[in-house]
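*Asks:* Would you be able to build a 3D model of this:
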Amino acid sequence: MTQTSPPGWHPDPGYTGFGPIQERWWDGTQWTDQLRVPPAALRSRRIRIGAGITAAVVVLAAIGGGVYLLSDDSGTTGNSATAPSSSPSPAPSRPGAPGGSGGDGGGETPEQQQPQTEDGYATDMASGISIPVPDGWTGESGMGAGVTTGTYACPGDSGEKCVRGGVFSVPAAALKLTTKTAKATAEKDIATNAEESYGEKIYGGITSHEQLKSEAVTVAGRQGYRVRWKVVTKNGDDGYVESLAFPSPQAADMLIVVRSGFDINPKAPGLSVLDDITKGIKAASGAGSGPGTNA
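*Replies:* Alright, predicted model coming up:
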């Protein structure tokens, strides 16, 4: 195609193969600095940790001692920086704003320097945060980030792999959460988190839950909010699930959701580990920061 191709979102020509591909905005004459997570990737990528986590980007969404299933349905592209040949897509309503393309492209990153990975952390490039990886755990970085313990055969299906615990992050928009404050977002997400972690056939569903925490908390220098439940399942281990929400260090108007879940089992990590992980979450190296906080 020529340099007269119409404006639109297209696969990033600078994609290096690390993490799921992003889309970059073509303004009709050149590639801009605006990036986003493709809406299709946000909705079709499914990760299960805790009996079934529907997630959005890379290893995000919920966890718990549950199914760890990552389907690879991301697209591929070359690295040529030529003009796009596909038809144009809607322009962002505001450059770099979450949900900019008519509310359908949740997870766009601000027009800033992209976050970088670093040793000892799993970096969420969409949200601009890094999650510490405890000793013996595995961390995965990308458009969303996650840290998990080792796997084991799931109680309801030995053919599936479960994890004793894990912590995952994702932009709130990727989970279709439209609440405006950290508190409202955490309160709304916790039930979905619990259901997707322990509510499917692996655990036979949740019979009851007890709220253990509902409180403000500072994360990565931002004012956030967390809700923690203890859930009782029909089959297998019971578990702890937590939904934590706070503004991104790189964009105060972008809320991040960190879903956590731990089996209640002698082989599972204790809740003190979850607290340590939360305290260790920080702005990703190379990510910009903006003023303002949400309560």
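*Asks:* which SS state does Ala216 fall under?
*Replies:* Judged by DSSP: H, G, I helix; E, B strand; the rest coil, the three-state class of Ala216 is strand.
*Asks:* Share the number of residues neighbouring it, please.
*Replies:* A count of neighbours around Ala216, defined by other Cβ atoms under 10 Å, yields 13. Just so you know, the C-beta spots here come from the backbone N, C-alpha and C atoms, and that holds for glycine as well.
*Asks:* what's the neighbour count on the residue lying closest to it once chain neighbours are set aside?
*Replies:* Of all residues not flanking Ala216 in the chain, Tyr225 sits nearest, at 5.5 Å (Cβ to Cβ, 6 or more residues apart in numbering). Using other Cβ under 10 Å, Tyr225 has 23 neighbouring residues.
*Asks:* and Tyr225, what helix or strand is that in?
*Replies:* Taking DSSP states H and E as the criterion, Tyr225 maps to strand 222-233.
*Asks:* Quick check: which helices or strands does that strand pack against?
*Replies:* Applying 3 or more Cβ pairs under 8 Å, 6 or more residues apart in numbering; DSSP states H and E, we find strand 222-233 packed against helix 182-198, strand 206-219, strand 239-248.
*Asks:* now that strand and strand 239-248, what's the angle there?
*Replies:* Our comparison of strand 222-233 with strand 239-248, counting by axes from the mean of the first three to the mean of the last three Cα atoms, to 10 degrees, yields an angle of 160 degrees.
*Asks:* Show me which positions of strand 222-233 end up buried.
*Replies:* 222-231, 233 (16 or more other Cβ atoms under 10 Å).
*Asks:* Where in this structure is the helix or strand with the lowest mean pLDDT?
*Replies:* strand 69-70 (a mean of 32; mean pLDDT, DSSP states H and E).
*Asks:* Tell me where the model's unsure across this structure.
*Replies:* Applying pLDDT under 70 to the chain picks out residues 1-4, 15-22, 36-116, 287-295.
*Asks:* can you give me the helices in it?
*Replies:* For the chain, helices defined by DSSP state H occupy the ranges 39-44, 182-198, 271-280.
*Asks:* Export those to JSON lines and append columns for mean neighbour count.
*Replies:* What follows is the helices of the chain, written out as JSON lines (neighbours: other Cβ atoms under 10 Å):
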{"stretch": "helix 39-44", "mean neighbour count": "18"}
{"stretch": "helix 182-198", "mean neighbour count": "24"}
{"stretch": "helix 271-280", "mean neighbour count": "16"}
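*Asks:* Export those as a markdown table, with columns for distance to Ala251.
*Replies:* Formatted as a markdown table, the helices of the chain follow (distance: least, Cβ to Cβ, whole Å):
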| stretch | distance to Ala251 |
| --- | --- |
| helix 39-44 | 17 |
| helix 182-198 | 14 |
| helix 271-280 | 20 |
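*Asks:* Figure out which of the ones you listed is closest to Glu215.
*Replies:* helix 182-198 (9.5 Å; Cβ to Cβ).
*Asks:* Which strands or helices does the closest one pack on?
*Replies:* Going by 3+ Cβ pairs under 8 Å, 6+ apart, helix 182-198 lies up against strand 206-219, strand 222-233, strand 239-248, strand 251-263.
*Asks:* Sweet, I'm off.
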